[in-house]
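**Student:** Provide a 3D model corresponding to the input given below.
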Amino acid sequence: MTHKHEPDVIDDVIEEVHDVVSDFLNRQAAPGILLMLATVLALIIANSPLDTVYDQLITMPVQISAGSWAIDKPLLLWINDGLMAIFFFHVGLELKREICEGELSNPSNIVLPTGGAIGGMVVPALIYVSINWDNPVAVAGWAIPAATDIAFALGVLALLGSRVPTSLKVFLVTLAIIDDIGAIVIIALFYTDNITAGALYIAAACLLLLWQMNKRNVVDIPAYVLVGVVLWVAMLKSGVHATLAGVVLAAFIPMRDPNDTTYSPVTRLEHSLNGSVSFAILPLFAFANAGISFGNISPEGIFHPVTFGIFLGLVVGKQLGVFGGCLLMVKLKLASLPHDLNLKHIYGCALLCGVGFTMSLFIGGLAFEQTGINQIFDERVGILAGSLVSACLGYLVLRIVSDGRNNDKGVALNATKFTGNTVK
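**Tutor:** Numbering: from 1, shown residues only. The predicted structure follows:
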């Protein structure tokens, strides 16, 4: 009888672990699951004896300096202003690809999700404002429930597997992309600090340089990234939120190389950033921002108008806005449902859009980080609770609808024996 040597056993274990990890990372639901795990971990640590370590970690000062020039921020803001700029760069690349060559390039494909996205931003904001109308400081958080977390929502949808039609996934992605455009515009217009003219001039010079590079068909990615870093620093110092530098930079990345049309710098960059954004940046952002100490939350804080407004905006406002916007487009005959979808699918998807999570946390930080108002309440409670309820309701509705669809499809398949029709 032969026995494996110890190094062989270790190699087998390492290979098995590698296969398990690779299989998990290749699943569509993996980014959403990682976001959930990062959130749960942050909540556990924030409510354990390690809570002081958590606070010290996210508030740890990190400085980059050269001579008299310096950027000195706590780790939390490096994550929110720095790493999230990469996330928005990735979003910008996706937007450009979709507008140039994807679903957004065909106007007829975007009418339905555009109606849903607009309704899904307006109605939650109105619900929040109506609850907080008498508090001008609290009203600053009006955009928090207007956001949708595409990674988390798609992760929940992926848990349903082949039960849901592919066109529903396309619809959700398109709606979320349009929602991201709205979030970017909101951040640019409403969540900027006092403007510093000198830094803004440098940012404008960077934009002019990027435009010239794009006009001259420069496809060297490192050159764009170098200018993008300078643009990010300039916008950070200017008072315009630094994450917008990522979106602006993405707009100037060439879609195609004129000398080799098979090569797309946009697609290459987007694919190369997929793993980093999904499995590192967003989970790290969730971990750094979701650590709520429940010991500091009073019943008054839970039912504070801000917390309650966010919760209702996500759970009620999103479903009413998205579903109502889509229904309006259909009733006005401006758009039609894909052949394999019905209004029940759209309603389930509208519920999933109430998962605000990372984008809501991000906007919440912009709205209240300098007011000190969150000593009375914690907007993250409303965001986490609203996102969790929306995810559960969306999953249950789509599970019921999809199971019914599969049964109907089985009946239809049997009927084809007599009618000769093809069932898609």
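
**Student:** Could you pull out the helices in the stretch 51-200 of the chain for me?
**Tutor:** 51-58, 75-77, 84-101, 107-132, 150-158, 166-190, 197-215 (DSSP state H, counting those that start in this stretch).

**Student:** any chance of these in a markdown table, with mean neighbour count and distance to Ser272 too?
**Tutor:** Heads up, the C-betas are built off the backbone N, CA and C, glycines and all. Shown next, in a markdown table, are these (neighbours: other Cβ atoms under 10 Å; distance: least, Cβ to Cβ, whole Å):
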| stretch | mean neighbour count | distance to Ser272 |
| --- | --- | --- |
| helix 51-58 | 14 | 28 |
| helix 75-77 | 18 | 25 |
| helix 84-101 | 22 | 10 |
| helix 107-132 | 22 | 27 |
| helix 150-158 | 23 | 17 |
| helix 166-190 | 19 | 20 |
| helix 197-215 | 15 | 20 |
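
**Student:** show me the contacts for Gly295.
**Tutor:** Asn47 (Cβ atoms under 8 Å, 6 or more residues apart in numbering).

**Student:** what does the model give it for pLDDT?
**Tutor:** Looking at Gly295, its pLDDT is 75.

**Student:** just Thr2 next, same as before
**Tutor:** For Thr2, pLDDT reads 52.

**Student:** Of the helices of the stretch 51-200 of the chain, which is nearest Ala143?
**Tutor:** helix 166-190 (4.9 Å; Cβ to Cβ).

**Student:** picking up where we left off before, among the helices of the stretch 51-200 of the chain, which is nearest Phe308?
**Tutor:** helix 107-132 (6.3 Å).

**Student:** For the closest one, name the packing helices and strands.
**Tutor:** helix 166-190, helix 305-312, helix 318-331, helix 343-352 (3 or more Cβ pairs under 8 Å, 6 or more residues apart in numbering; DSSP states H and E).

**Student:** and the ones you listed as TSV, adding mean pLDDT and distance to Ser278?
**Tutor:** Output for those, formatted as TSV (pLDDT from 0 to 100; distance: least, Cβ to Cβ, whole Å):
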stretch	mean pLDDT	distance to Ser278
helix 166-190	85	14
helix 305-312	93	25
helix 318-331	96	23
helix 343-352	94	18
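
**Student:** As CSV, those with distance to Gly386 would be great.
**Tutor:** Shown next, in CSV, are those (distance: least, Cβ to Cβ, whole Å):
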stretch, distance to Gly386
helix 166-190, 16
helix 305-312, 4
helix 318-331, 9
helix 343-352, 11
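
**Student:** Confidence-wise, which of the helices of the stretch 51-200 of the chain is weakest overall?
**Tutor:** helix 150-158 has the lowest average pLDDT among the helices of the stretch 51-200 of the chain, namely a mean of 81.

**Student:** And that helix, how far out from the chain middle?
**Tutor:** With Cα atoms, centre = their mean, to the nearest Å as the basis, helix 150-158 stands 10 Å off its chain's centre.

**Student:** Touching it from outside, list them.
**Tutor:** Outside helix 150-158, the residues touching it (Cβ under 8 Å, 6+ apart) are 27-33, 35-36, 164, 168-169, 172-173, 176-177, 179-180, 278, 282, 349, 352-353, 355, 357-358, 387, 391, 394-395, 398.

**Student:** Would you confirm that Met213 contacts Leu226?
**Tutor:** No: if you go by Cβ atoms under 8 Å, Met213 and Leu226 don't touch, sitting 10.5 Å apart.

**Student:** And the helix or strand hosting Pro222, what's buried?
**Tutor:** Element membership for Pro222, per DSSP states H and E: helix 221-238. Buried residues in helix 221-238, counted by 16 or more other Cβ atoms under 10 Å: 224, 227-228, 231-238.
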